[in-house]
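> Build me a model:
(one chain, ligands or ions: 1)
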Amino acid sequence: MTNDQLIDMTVIKKPLILKSSSSKDSSGATLFWRNLSVYAMDRDRKTINKQLINNVRGVIKPGDLTAILGGSGSGKTSLMTALALRTGPGIVVHGDIRVNGVPVGSSYMKYHSGFMHQEDMFIGTMTVLEHLWFMARMKFDRRVRNREIRGKIESLLRDVGLIYRCNVRIGNNDDGKILSGGEKKRLAFATELLTDPKILFLDEPTTGQDAHSASVLISELTSFAAKGRTVLCTIHQPSSAIFDCFRRIILVADGRIAFAGTSEQAIRFFASQGYKCPQTYNPADFLVATLAIAPRDEDSSRRTAQRICDAFLTSEACKEVDVNIQLELHIAKTYHWRNDISCTNEFKQLQCWLKLFWMVHRGFMQVLRDPSLQLIRMFQKLCLATMAGLCFVGAVNLDQLGIQAVQGVIFILVSENAFFPMYATLSLIPQELPLFLREYRAGMYSIYLYYFARILSLIPGLILEPILFTTIVYWLSGLRATTDAVVLTIMIIIVTMNVSTACGCFFSVAFDSVPLAMAYLVPFDYILMVSMGPFIKLSTLSIYVRWIRYISWLLQSTEALSIIQWRGVHNISCESVNEDLPCMTDGSVVLEYYDFDENNFWMNIISMSIIYIAFHIFGYVLLRRRCKSI
Ligand SMILES: Nc1ncnc2c1ncn2[C@@H]1O[C@H](COP(=O)(O)OP(=O)(O)OP(=O)(O)O)[C@@H](O)[C@H]1O
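Below you'll find the predicted structure:
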């Protein structure tokens, strides 16, 4: 879909009823919490490392734009992620979090709330439109038609001012066509608005934006809240104009609530505690500065903050919070219809295979559009294949020296299509893990779908590359010129490359970083390489590494390729050989010399396939474990 198509698209006459994950129930959501504490656990997950939030309560209502304010490290993000039920595994939340008086779980929040994170994460190679389209497909009910999705995306792009940037790539840093930091924030905002969530959480939405863009975003939030949505955001140093837009504020200091209510109430409350905001001061700055823990005067500023938090507990504003909570509980008991908040059953997720399609599509675009990865890689393959092939021009003959040349070409074919892809895949998971975890935790897809989609999107490259490389080397070196031999050689090299990539995937999941994965992979590769065949007779391998025979796909690949070249060859000449040296006139003798068995051909292919599946199964299991533990 082009920009023009999108802009000129016929306006849909009847009102859109988008069956997003949250739009089925149009009633508002009053979120309240009581006795809420949040703890960060130690690595062992048994002992508490730090209390992030200390026994707090509060209410936010539909229609209100509420801001959580506080100094850096005061606990704003911890409070908001706890309320959104999106804390990581190392965080424990204790307390009562309810919507419309009913306790809610993370699945409710997944379906009915949006969460805009402080750090934007996008796939830089996608355009704005492609990104929103992908998100819509993943988040919308499957009954929503494409036309409706287009309409929704168009109106959102207009609202956030990105309509004329819809075909621009989101970009990373090194490519000319990229969105600015502020535009990325607006895109992240539009992404969350796609599903029209009942509750919207935003962590520092204005960070990185100029004053004008920040005000535009806040006014967008105000209009979104005005539609009966509940909006809660954390914010750092808002300007006076932005501060005035917040219907209610929650001030946080050292994990406690220092105030909750309107900004006017806050200023009056602080004045009553002896902290009067000067006329010319930005009230937000004043309130945050009063509560901030000054590094040079930590004890005294901490005492001040604690005193204000204690005073808030006996204030009128706190009583108002309590009254509101009691009222919500009473309404929930009296009007049972309001309790029907678990309408997620009606939501029909996109079918697995369609999700897989969109994820593979995104993966393809990532691979295809990454010039650093694709073009350079193909060019490199082409050059390497030509150079390697040229080294063997005229050397592959049916004589004693030719035997060495054939085994040399086989070594080049196997090693070049094994080691490079293996190392190239090592960065795959560490690079993508943060985005994947975010999307997985937002309930967009399952772990197995992600893993499967990622493998599928790599496969075209893993077929094209070996075909290109093998064809050039095969032709230049002049290996056995029968169709069978060429096709089988290409097939085995494709399998070899795929197994190597599966091994790379496994190591990339197993270790947190690329250097750590390399530290383990390099010695493993040495063993694989030494036991490939050309360097040592397999029967003389030390007993400690003899097992490698069963798991070394490099050895199995070398054996299969050697069988292709030497099976049925009976006329190797001995003319150029010194009379004292043995002469191998038959292909079967050559295979024997390397301890290869002619009957192992299909067994090798089956073994390589089993190793491929095993690496991916282990990779998937480890990825699952990592997702549950990070
Ligand atoms: N997982 C954790 N383990 C230990 N300490 C943590 C953890 N998460 C947060 N903290 C600490 O808890 C405190 C509150 O963190 P939080 O991110 O909620 O603050 P914040 O008010 O959002 O800060 P900022 O405005 O700088 O983002 C900080 O001192 C932080 O270092």
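> in stretch 600-618, what's buried?
For stretch 600-618, the neighbour count (16 or more other CB atoms under 10 Å) marks N600, F601, N604, I605, S607, M608, I611, Y612, F615, H616, F618 as buried. All C-beta atoms are positioned from the backbone trio N, CA, C, and that covers glycine.
> Show the subsequent helix or strand relative to the helix or strand bottoming out on mean pLDDT in the chain.
Least confident helix or strand of the chain, by mean pLDDT, DSSP states H and E, is helix 3-8 with a mean of 41. Note on helix 3-8: by DSSP states H and E, the next helix or strand toward the C-terminus is strand 31-41.
> looking just at contacts, which helices and strands does that following strand meet?
If you count contacts as 3 or more CB pairs under 8 Å, 6 or more residues apart in numbering; DSSP states H and E, strand 31-41 packs onto strand 48-60, helix 76-83, strand 91-99, helix 316-334.
> and if we set it to 6 Å?
strand 48-60, strand 91-99 (3 or more CB pairs under 6 Å, 6 or more residues apart in numbering; DSSP states H and E).
> the domain parsing of this structure - what is it?
According to the TED database, the chain is divided into the following domains: 31-122+197-342, 352-572+583-629.
> Please tabulate those domains in CSV, including the columns mean pLDDT and distance to K185.
Below are those laid out as CSV (pLDDT from 0 to 100; distance: least, CB to CB, whole Å):
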stretch, mean pLDDT, distance to K185
domain 31-122+197-342, 88, 6
domain 352-572+583-629, 89, 16
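> right, and those - which one's nearest the ligand?
Among these, the nearest to the ligand by CB to the nearest ligand atom is domain 31-122+197-342 (3.2 Å).
> Tell me how far stretch 347-359 lies from the chain's centre.
17 Å (CA atoms, centre = their mean, to the nearest Å).
> Relative to D141, which of the buried residues of stretch 600-618 is nearest.
Of all the buried residues of stretch 600-618, D141 sits closest to H616, with 31.7 Å by CB to CB.
> Show the contacting residues for the closest one.
Residues near H616 by CB atoms under 6 Å, 6 or more residues apart in numbering: A502.
> Among the helices and strands packed on strand 31-41, show me which one is buried the most.
strand 48-60 (a mean of 19; mean count of other CB atoms under 10 Å).
> who are the neighbours in contact with the closest residue to E328 other than its chain neighbours?
Nearest residue to E328, sequence neighbours excluded (CB to CB, 6 or more residues apart in numbering): G101, at 4.6 Å. With contacts defined as CB under 6 Å, 6+ apart, G101 is in contact with E328, L329, A332.
> And the longest helix seen in the chain, what does it pack against?
Under DSSP state H, the helix in the chain containing the largest number of residues is helix 447-477. Under the contact criterion of 3+ CB pairs under 6 Å, 6+ apart, helix 447-477 touches helix 352-368, helix 374-391, helix 483-510, helix 601-629.
> need the domains of the chain in TSV with distance to the ligand, can you?
Shown next, in TSV, are those (distance: least, CB to the nearest ligand atom, whole Å):
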stretch	distance to the ligand
domain 31-122+197-342	3
domain 352-572+583-629	13
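> so the longest helix of the chain versus helix 601-629, what angle?
Put simply, helix 447-477 runs at 140 degrees to helix 601-629, going by axes from the mean of the first three to the mean of the last three CA atoms, to 10 degrees.
> What is the distance between helix 447-477 and the centre of its chain?
Distance, centroid of helix 447-477 to centroid of chain: 23 Å (CA atoms, centre = their mean).
> now swap in stretch 35-43 and tell me
Going by CA atoms, centre = their mean, where stretch 35-43 is centred and where its chain is centred differ by 25 Å.
> Please identify the buried residues of that stretch?
The neighbour-count check on stretch 35-43 (16+ other CB under 10 Å) flags L36, S37, V38, Y39 as buried.
> could I get those as TSV with distance to A294?
Putting the buried residues of stretch 35-43 into TSV (distance: CB to CB, whole Å) gives the following:
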residue	distance to A294
L36	27
S37	26
V38	24
Y39	26
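> Which of those residues sits closest to L541?
Nearest to L541 among these: Y39, at 53.8 Å, using CB to CB.
> neighbours of A311, just the number please.
Counted by other CB atoms under 10 Å, the residues lying close to A311 total 16.
> Regarding it, which helix or strand does it belong to?
A311 belongs to helix 298-313, assigned by DSSP H and E.
> top of the contacts of G101 by neighbour count?
Most neighbours among the contacts of G101, by other CB under 10 Å: E328, with 21 neighbours.
> and it, what is it in contact with?
With the criterion set at CB under 6 Å, 6+ apart, E328 makes contact with T30, F32, G101.
> Quick one: those residues as JSON lines, columns for distance to I494 too.
Listed next are the contacts of E328 as JSON lines, based on distance: CB to CB, whole Å:
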{"residue": "T30", "distance to I494": "59"}
{"residue": "F32", "distance to I494": "59"}
{"residue": "G101", "distance to I494": "60"}
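> which one of the helices and strands packed on helix 447-477 lies closest to I572?
The nearest among those, by CB to CB, is helix 483-510 at 16.1 Å.
> Run through the neighbouring helices and strands of that closest one.
The contact analysis (3+ CB pairs under 6 Å, 6+ apart) places helix 483-510 against helix 419-425, helix 428-441, helix 447-477, helix 514-530, helix 553-566, helix 601-629.
> most tightly surrounded among the ones you listed?
Using mean count of other CB under 10 Å, helix 553-566 ranks as the most buried of these, with a mean of 26.
> and the angle for that helix with helix 514-530?
Using the same axes, to 10 degrees, the direction of helix 553-566 lies 40 degrees away from that of helix 514-530.
> would JSON lines of the domains of the chain with distance to N146 be doable?
Shown next, in JSON lines, are these (distance: least, CB to CB, whole Å):
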{"stretch": "domain 31-122+197-342", "distance to N146": "22"}
{"stretch": "domain 352-572+583-629", "distance to N146": "12"}
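> Out of the ones you listed, which gets nearest to R143?
Taking these one by one with CB to CB, domain 352-572+583-629 is closest: 12.3 Å.
> from the middle of its chain, how far away would that closest one be?
26 Å.
> so how far does that domain reach from one end to the other?
End-to-end distance of domain 352-572+583-629 (CA to CA, to the nearest Å): 25 Å.
> do stretch 116-124 as well
18 Å.
> Could you list the residues in contact with it?
Here stretch 116-124 has contacts from I170, G171, N172, K184, A188, E192, L202, D203, E204, P205, Q366, L435, using CB under 6 Å, 6+ apart.
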